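In: everything below, folded, please.
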Amino acid sequence: MSPAKVTLSPKELELVTDAGWILTKNGVIRKVYTLFGQLSEVYKNELEKYPTLVWQQADFRSPKIAKGEQYEGLPWVILDHPRHFTSTDCFAIRSFFWWGKFCSITLQLSGSYQERYAGPIQKYFDSDKKTGEWFIGTNDDPWQHHFEEDNYQPIENRKERSFLQLPFLKIAKKIPLHEWDGLPVFFEENYREILKMLGAV
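Out: Next up is the predicted model:
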């Protein structure tokens, strides 16, 4: 039995015969890696200002940059700094690049870290009027990063449920990719704001 004929659309044929676009894509990913490497140094300097907080443990300090090709079919790059993951506890500040979509910064907590910091974070948002740009995770899966309604809601629209009662706590903000030149400021300013949420200042 002969295999079925596999055909390409005109657009697919145009792309498969043009190496230039994939080389350009690879170059963009390298630049994201460079940006995240630079940010990790900025983040390290910010974290060192707060010696009493949990990330002063040795296993929190090492940043991790990783990439993949298939988050909902699209390439991505992440920087986790600080980071701590066990079967029960999670503490991470994640910078995220998603091809064709956006960049975002996320505070993700569960277990003992959620118990420790949910109160200060809720107090921060209860007293701060600039909540419109921040989102809170509503999905049952902590590893989803898209901003569709089934994953994030504007934090100002949250129900009165205590942050401590959530199965995990994710607070995130995003920026569109067409604001590329503003990415360093976006990440640095919102990283510092996350530290404020944690009661660091």
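
In: show me where the protein has its strands.
Out: Ranges of strands within the chain are 64-71, 74-85, 90-98, 102-110, 135-137, 152-154, 169-176, based on DSSP state E.

In: show me what the first one is packed against.
Out: Think strand 64-71. helix 20-47, strand 74-85 (3 or more C-beta pairs under 8 Å, 6 or more residues apart in numbering; DSSP states H and E). Glycine gets a C-beta too; all of them are placed from N, C-alpha and C.

In: please redo it, this time with the cut-off set to 6 Å
Out: The contact analysis (3 or more C-beta pairs under 6 Å, 6 or more residues apart in numbering; DSSP states H and E) places strand 64-71 against strand 74-85.

In: ok, the fourth one next?
Out: Contact partners of strand 102-110 among helices and strands, from 3+ C-beta pairs under 6 Å, 6+ apart: strand 90-98, strand 169-176, helix 183-197.

In: ok, now with 8 Å
Out: strand 90-98, helix 112-127, strand 169-176, helix 183-197.

In: tell me the gap between stretch 39-49 and the middle of its chain.
Out: Its chain's C-alpha centre lies 17 Å from the corresponding centre of stretch 39-49 when counted by C-alpha atoms, centre = their mean, to the nearest Å.

In: actually stretch 97-111, not the one I wrote
Out: The answer for stretch 97-111 is 2 Å, by C-alpha atoms, centre = their mean.
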